[in-house]
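Undergrad: just to be clear, the model below is a prediction. Sequence and coordinates:
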Amino acid sequence: METILIIDDEPESLEALNGILSSNGYKVRGTINVELALKSAQKYVPNLILLDICLPGIDGFEACKMFKSIQKLEHVPIIFLTGKTDLQDKINGFKSGGVDYITKPFSSEEVLARI
């Protein structure tokens with residue numbers, strides 16, 4: 001069973017993604033905190049990370065760089081979650097190591113297709 005780690009400060013998004021993914025056979029770990037996510041990811045290396053851009057404290061771009069700087073996590077793909085459609089955000093996301101974007105509000109079909 002593939003594991004997906006979700007970092008999002010919006011409980012509604014975490015709950016929705018958890019429902020979509022777990023009902024489609026994925027094991028889901030979710031948190032609103034980057035520091036806890038880093039610890040969890042090092043202990044239970046996920047197959048994929050869904051990472052919100054707008055987080056309190058450390059933004060998603062910086063968090064992505066942190067994940068990618070850890071040897072056992074450097075090859076884990078990261079898909080950004082964002083409510084913004086700004087081109088510069090997308091460029092920054094790819095530069096920081098992200099592989100794709102899911103724009104909020106999202107549909108279950110889009111989430112599953114991108115994963």
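TA: Good, I have the coordinates.
Undergrad: quick one, helices of this structure?
TA: 11-22, 34-43, 60-68, 87-96, 108-114 (DSSP state H).
Undergrad: can you point out the buried residues in the first one?
TA: Okay, so that is helix 11-22. Using 16 or more other CB atoms under 10 Å as the test for burial, helix 11-22 gives Ser13, Leu14, Ala16, Leu17, Asn18, Ile20, Leu21. C-betas here are computed from N, CA, C, even on glycine.
Undergrad: just the local confidence number for the residue lying closest to Leu14 once chain neighbours are set aside, please.
TA: Leaving aside its sequence neighbours, Leu14 sits nearest to Gly30 (CB to CB, 6 or more residues apart in numbering; 4.6 Å). pLDDT recorded at Gly30 is 94.
Undergrad: now do Gly30 against Lys84, distance only.
TA: Using CB to CB, to the nearest Å, Gly30 is found at 21 Å from Lys84.
Undergrad: same thing with Phe106?
TA: 13 Å.
Undergrad: for the worst-scoring helix or strand of the chain on mean pLDDT, name the packing helices and strands.
TA: Ranking every helix and strand in the chain by mean pLDDT, DSSP states H and E puts helix 87-96 at the bottom, with a mean of 81. With contacts defined as 3 or more CB pairs under 8 Å, 6 or more residues apart in numbering; DSSP states H and E, the packing partners of helix 87-96 are helix 60-68, strand 78-82.
Undergrad: between strand 78-82 and it, find me the angle.
TA: Helix 87-96 and strand 78-82 are oriented at 160 degrees to each other (axes from the mean of the first three to the mean of the last three CA atoms, to 10 degrees).
Undergrad: ok, back up a step: so of the helices of the chain, which one's packed in deepest?
TA: The highest average neighbour count among those, using mean count of other CB atoms under 10 Å, belongs to helix 60-68 at a mean of 19.
Undergrad: so where is this structure shaky, pLDDT-wise?
TA: Scanning the chain for pLDDT under 70 picks out nothing.
Undergrad: so who does the one residue sitting closest to the centre of the chain touch?
TA: The chain has Leu50 as the residue nearest its centroid, 1.5 Å off, counting by CA atoms, centre = their mean. Applying CB atoms under 8 Å, 6 or more residues apart in numbering, we find Leu50 in contact with Ile4, Leu5, Ile6, Ile7, Asp8, Leu17, Ile78, Ile79, Leu81, Ile102.
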